[in-house]
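[1] Attaching a predicted model along with its sequence, questions to come.
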Amino acid sequence: MHFVKALPCMTALCCLAFVSLSRAENNPVIPPDEFVYCTVCHGVQMKGNPSIEAPRLSGMDTYYIERQLRSFSNGWRGTHENDTAGMEMRPMAAILSDKEIVAAARYVNAVGSEPPPVTIRGNAGRGKSVYAPCAACHGPKAEGVEALGGPPLAGLNDWYLVTQLRHFKDGTRGSHPEDTYGQQMRAASATLADDAAIQDVVSYINTLQQR
């Protein structure tokens, strides 16, 4: 089934799973069976599913997960016509309360899985030079710098990183005036000369995988 045609069905399935579950807002880490609406797309261990463009979330820092869920909920992400995966995610975030967003981020952070497989083949040597200015916000080992709002990049799917860099570069992501961090990334992605540079920098990030 073509991905775009599958979107309404996946959205309905996720919503159905969500509304059929009891909410546990007083529990900071909701048990796995309360997160069926996440696991439908991202997998039981949050490993992700590239066939529907659902990235690996396992072990991601809570501050970043919370920020992205709020970005989707606020309409900063998932509104551009080219962001089909974001449009799938936006209604999922919109039905979460603030307490549920916090709980979801804590749950995702607590789930462990092996690092994702390498799928991008660029020139990591060139990518190391391209990554140098990125280290200021994302850390020398792509471990993230929370004080600057820079999330970890090591541990993310390489195909997802390529997609998001392309989206920042072409304005699919980071264009909303209230999305401060997104606008910063738009400016940073503008320094990437072409798609080869994107492939190279992601290939270098692959060498830093720690999760």
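    Nice, thanks for sending it over.

[2] contacts, neighbours, all on C-alpha from now
    Fine.

[3] which one is the residue positioned nearest the centre of the chain nearest to, not counting chain neighbours?
    Geometric centre of the chain, nearest residue: residue 55, 6.0 Å, by CA atoms, centre = their mean. Nearest non-adjacent residue to residue 55, counting by CA to CA, 6 or more residues apart in numbering: residue 48, 4.5 Å away.

[4] for the one you found, what are its contacts?
    Listed by CA atoms under 8 Å, 6 or more residues apart in numbering, the contact set of residue 48 reads 41, 42, 54, 55, 56, 57.

[5] hmm, 6 Å instead?
    With contact set as CA atoms under 6 Å, 6 or more residues apart in numbering, residue 48 has these partners: 42, 54, 55, 56.

[6] Quick check: the last one is in a strand.
    No - using DSSP: H, G, I helix; E, B strand; the rest coil, the secondary structure at residue 56 is coil, not a strand.

[7] What is the burial count for it?
    25 (other CA atoms under 10 Å).

[8] what about it, distance to residue 83?
    17 Å (CA to CA, to the nearest Å).

[9] One more: the first one?
    Shown here: residue 42 relative to residue 83, a distance of 17 Å by CA to CA.

[10] Between the two, point out the one with more neighbours.
    residue 42 (21 against 17).

[11] pLDDT wise, what is the nearest residue to that one once chain neighbours are set aside at?
    Nearest residue to residue 42, sequence neighbours excluded (CA to CA, 6+ apart): residue 48, at 4.2 Å. Looking at residue 48, its pLDDT is 89.
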